[in-house]
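Chemist: what shape does this take:
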Amino acid sequence: MTGEQRAAFEYLAVSHRFDNEGLRDQVPYWSVWYLTPRVFEKEERDRTMAARALETQKSSSASSASASSSSLAEAAAVHVDFRTEGHKREIVVAHRDPDLYRSRLWPLTCLFGMSFGALHLLSWNDVFPTTVELRLWRIAAFVSMGSMLVFMHFEKVVLRWEGMVTIVSLSSPAVYLLSRMVMMGEVFAALRAEEPAIYDTYEVSSYWVHLL
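Modeler: Numbers count the residues shown, from 1 in each chain. Sure, this is the predicted structure:
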């Protein structure tokens with residue numbers, strides 16, 4: 001195999017990042033939290049490599065045949081280097097589907113993400129043991145909605161310092177988790193002072209529902 005043929009062969013090589021079965025760094029494929037960002041990262045790398053290859057091809061078309069062969073070798077080197085560089089430096093926390101993130105359905109997706117927190121607003125006028133717990137429930141419901149909306153606006157969240165963007169992107173899921181823990185704790189804390197009416201036995205026959 002000549003050098004030019006080997007360069008062309010290496011340029012067509014497939015990434016081996018997911019071929020780690022039986023190795024120490026094997027990633028379980030049931031872990032959606034880990035696998036999904038990795039798939040989008042690979043797609044992003046493939047698009048960048050394709051763009052670089054296209055630029056190299058355009059530049060080599062204006063040169064001679066000998067220059068084009070050297071450009072092909074350079075393109076292969078860029079392909080190999082780009083596959084490996086920066087992979088260990090980036091810790092991706094979340095990565096949205098680019099096709100969905102840039103589509104017209106994304107605002108609707110954000111609304112669905114907020115809907116779970118909005119369901120807790122149905123307990124706006126429910127009876128709580130104290131007024132503080134009632135207000136804390138309302139605040140936690142709004143915080144869960146807002147933090148989820150903020151977090152969903154970041155297409156890619158990377159554990160890398162980028163100023164205020166890093167603070168907001170990483171703190172929003174933490175704030176959401178905190179608000180959910182507050183509401184979950186209030187559910188059990190409210191059991192200490194429930195109204196006696198919850199222990200009443202209702203006669204189903206006295207309601208029209210039993211006719212259905």
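Chemist: what's the domain layout of the protein?
Modeler: 3-63, 92-195 (the TED database).
Chemist: measure the longest one end to end?
Modeler: Length of domain 92-195, first residue to last, Cα to Cα, to the nearest Å: 48 Å.
Chemist: and if you look at stretch 124-134?
Modeler: Span of stretch 124-134 from end to end, Cα to Cα: 8 Å.
Chemist: where exactly do the strands run in this structure?
Modeler: Using DSSP state E, the strands found in the chain span residues 92-95, 156-158.
Chemist: among the domains of the chain, which comes closest to T201?
Modeler: domain 92-195 (14.9 Å; Cβ to Cβ). Heads up, the C-betas are built off the backbone N, CA and C, glycines and all.
Chemist: can you list the domains of the chain in TSV and add distance to T201 and mean pLDDT?
Modeler: TSV is the format used below for these (distance: least, Cβ to Cβ, whole Å; pLDDT from 0 to 100):
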stretch	distance to T201	mean pLDDT
domain 3-63	45	66
domain 92-195	15	85
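Chemist: quick one, which of the ones you listed is packed in tightest?
Modeler: Ranked by mean neighbour count, these are led by domain 92-195 with a mean of 14 (mean count of other Cβ atoms under 10 Å).
Chemist: of the domains of the chain, which is nearest E203?
Modeler: Among those, domain 92-195 comes nearest to E203, with 19.3 Å by Cβ to Cβ.
Chemist: E203 and V143: what is the separation?
Modeler: Separation of E203 from V143 (Cβ to Cβ, to the nearest Å): 41 Å.
Chemist: oh, that last question was meant for T130, not what I typed.
Modeler: T130 is 19 Å from V143, by Cβ to Cβ.
Chemist: and the strands of the chain as a markdown table, adding distance to F116?
Modeler: Listed next are the strands of the chain as a markdown table, based on distance: least, Cβ to Cβ, whole Å:
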| stretch | distance to F116 |
| --- | --- |
| strand 92-95 | 17 |
| strand 156-158 | 20 |
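Chemist: looking at these, which is nearest to L191?
Modeler: strand 92-95 (34.8 Å).
Chemist: partners of the closest one in the sheet?
Modeler: strand 156-158 (antiparallel) (DSSP bridges).
Chemist: OK, contacts around the closest residue to L149 other than its chain neighbours?
Modeler: Spatial nearest neighbour of L149, chain neighbours left out: M114 (5.5 Å); criterion: Cβ to Cβ, 6 or more residues apart in numbering. Taking Cβ atoms under 8 Å, 6 or more residues apart in numbering, we find M114 in contact with 145, 148-149.
Chemist: do F128 as well
Modeler: 134, 137, 186, 190.
Chemist: please redo it, this time with the cut-off set to 10 Å
Modeler: By Cβ atoms under 10 Å, 6 or more residues apart in numbering, the contact list for F128 reads 134-138, 186, 189-190, 193.
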